[in-house]
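Q: I'll drop the sequence and a predicted model, then ask my questions.
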Amino acid sequence: MLQYRQTARRCSSATSLDPYDFTGHDDLRVEIGLHRPLAGSYEHRRHASWQQQREEVAAVLFDTGSSRGQLLRFLTCGRDAKVWRGRDDPARCRISCSKCRNRWCLPCQRDKGWRIAQSLLERMKLRATRFITLTLAVSKQPLRLQLDRLLKCFKHLRRTTLWTESQRGGIAFVEATFNAATGYWHPHLHVISEGKWIGQGFLSQAWHQVTGDSFITHVAFIKQRREVTSYVTKYLCSGFAADVLDRPVQLREAVASMHGFHTVIRYGSWAKSPTKWRPDPEAWVLVGRWEDLQREFTGDPACPSCLRRRWIAAAYDQ
């Protein structure tokens, strides 16, 4: 049986320790089943690297009042997987599945980051862009208050003469890290900005004027676009550092604080540009369900023989 950690508050009527046993959500429990994803299924493969953390997140989501729909999408993320091949290049394959798109689902955040990165690569072509980091001074305030203050200060910064005369537009990512040594949160902004060069000294001075107590900034010209977009994909799109998932108390606070909070902000001339790259549906042809193909490859006699003919046709038909 799967167990909650002590941080998961249990309702007085709860008797099971199974994180899929949601008191007051009996129909949800029936729908998603009482077991982990089956070994060999795409759902198991999608979440195998963080299954234990996933169970902890599910407990916290339930405990912090997530809706039935959110819980169902989170716990069934990765089901109904299908395999597609490229219409023009049969050697290319991709997998589609049901996705929860929850901020606390690591595979979904990686997918989101990859799509944003592809969009940024197109947007950054032939444009002079800078990577800017803005930080706040250490504070004892709750995380949500610090996040709100960070975005408010960034909004004021974009109204300053220094910014309006040098920057055209860009995209900003909020990241919240936790310092175990001090016990404080450290929210900060990573910005990809299009425009003229902006001196770090002038930026620090302007940032201190709008925050009143913070002056640490960093500015760097982006030479290798793929390195920056890879960083965005891996770390920034979720809004939190991965080690937060291993800290029960901080995980609870982060889930509650980031509810309804946008961690990706577009501004200026980039405000209406598409954020996420989307594949062309006409460029892909359906091969079959993941489970059926797995059974075929493992020699399961229960797999219909027509599937082999369909797979061969999909693989070689031009």
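A: Done, it's in. Numbering: from 1, shown residues only.
Q: distance of the residue most central in space within the chain relative to residue 50?
A: Among the residues of the chain, the smallest C-alpha distance to the mean C-alpha position (Cα atoms, centre = their mean) belongs to residue 109, namely 2.1 Å. Distance of residue 109 to residue 50, computed by Cβ to Cβ, to the nearest Å: 11 Å. In this view, the C-beta of every residue, glycine as well, is placed from N, C-alpha and C.
Q: rewinding a little: surely the residue nearest to the centre of the chain touches residue 99?
A: No - using Cβ atoms under 8 Å, residue 109 is not in contact with residue 99, being 10.5 Å away.
Q: tell me the bridge partners for residue 133.
A: Using DSSP bridges, the beta-bridge partners of residue 133 come out as residue 190, residue 218.
Q: quick check: which element contains the residue nearest to the centre of the chain?
A: Element membership for residue 109 (DSSP states H and E) is helix 106-124.
Q: that helix: which residues count as buried?
A: For helix 106-124, the buried set under the neighbour-count rule, 16 or more other Cβ atoms under 10 Å, comprises 106-109, 111-120, 123-124.
Q: quick one: which of those is nearest residue 296?
A: residue 107 (24.8 Å; Cβ to Cβ).
Q: how about the contacts made by that closest one?
A: 46-47, 77-78 (Cβ atoms under 8 Å, 6 or more residues apart in numbering).
Q: quick one: which of those is nearest residue 273?
A: residue 77 (28.0 Å).
Q: circling back to that earlier point, do you know how far the residue nearest to the centre of the chain is from residue 159?
A: In this structure, residue 109 and residue 159 are 31 Å apart, going by Cβ to Cβ.
Q: show me the helices in the protein, by range?
A: Under the criterion DSSP state H, the chain contains helices at 26-32, 42-47, 51-63, 68-75, 106-124, 143-157, 161-164, 200-211, 225-231, 248-257, 290-297, 305-316.
Q: would JSON lines of those helices with distance to residue 176 and mean pLDDT be doable?
A: JSON lines is the format used below for these (distance: least, Cβ to Cβ, whole Å; pLDDT from 0 to 100):
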{"stretch": "helix 26-32", "distance to residue 176": "30", "mean pLDDT": "49"}
{"stretch": "helix 42-47", "distance to residue 176": "23", "mean pLDDT": "90"}
{"stretch": "helix 51-63", "distance to residue 176": "16", "mean pLDDT": "84"}
{"stretch": "helix 68-75", "distance to residue 176": "20", "mean pLDDT": "86"}
{"stretch": "helix 106-124", "distance to residue 176": "14", "mean pLDDT": "87"}
{"stretch": "helix 143-157", "distance to residue 176": "6", "mean pLDDT": "96"}
{"stretch": "helix 161-164", "distance to residue 176": "23", "mean pLDDT": "96"}
{"stretch": "helix 200-211", "distance to residue 176": "17", "mean pLDDT": "96"}
{"stretch": "helix 225-231", "distance to residue 176": "16", "mean pLDDT": "79"}
{"stretch": "helix 248-257", "distance to residue 176": "7", "mean pLDDT": "91"}
{"stretch": "helix 290-297", "distance to residue 176": "35", "mean pLDDT": "77"}
{"stretch": "helix 305-316", "distance to residue 176": "44", "mean pLDDT": "52"}
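Q: may I see those helices arranged in a markdown table, with distance to residue 172 as well?
A: Listed next are the helices of the chain as a markdown table, based on distance: least, Cβ to Cβ, whole Å:
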| stretch | distance to residue 172 |
| --- | --- |
| helix 26-32 | 36 |
| helix 42-47 | 29 |
| helix 51-63 | 25 |
| helix 68-75 | 26 |
| helix 106-124 | 12 |
| helix 143-157 | 7 |
| helix 161-164 | 12 |
| helix 200-211 | 13 |
| helix 225-231 | 13 |
| helix 248-257 | 18 |
| helix 290-297 | 37 |
| helix 305-316 | 42 |
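Q: of these, which is nearest residue 184?
A: Closest to residue 184 of the helices of the chain, according to Cβ to Cβ: helix 143-157, at 9.2 Å.
Q: for that closest one, buried residues please.
A: Per 16+ other Cβ under 10 Å, helix 143-157 contains these buried residues: 143-144, 146-147, 149-151, 153-154, 157.
Q: using CSV, list the CA coordinates for that helix.
A: Coordinates of the C-alpha atoms in helix 143-157 are reproduced here as CSV (Å, rounded to 0.1, in the frame of the first residue of the first chain):
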residue,chain,number,x,y,z
LEU,A,143,6.0,32.7,-0.5
ARG,A,144,2.8,34.1,-2.1
LEU,A,145,3.4,37.6,-0.8
GLN,A,146,7.0,37.5,-2.2
LEU,A,147,5.7,36.2,-5.5
ASP,A,148,3.1,38.9,-5.8
ARG,A,149,5.7,41.5,-4.9
LEU,A,150,8.2,40.2,-7.4
LEU,A,151,5.7,40.6,-10.3
LYS,A,152,4.6,44.0,-9.1
CYS,A,153,8.2,45.2,-9.0
PHE,A,154,8.9,43.8,-12.4
LYS,A,155,5.8,45.7,-13.8
HIS,A,156,7.1,48.9,-12.3
LEU,A,157,10.6,48.3,-13.8
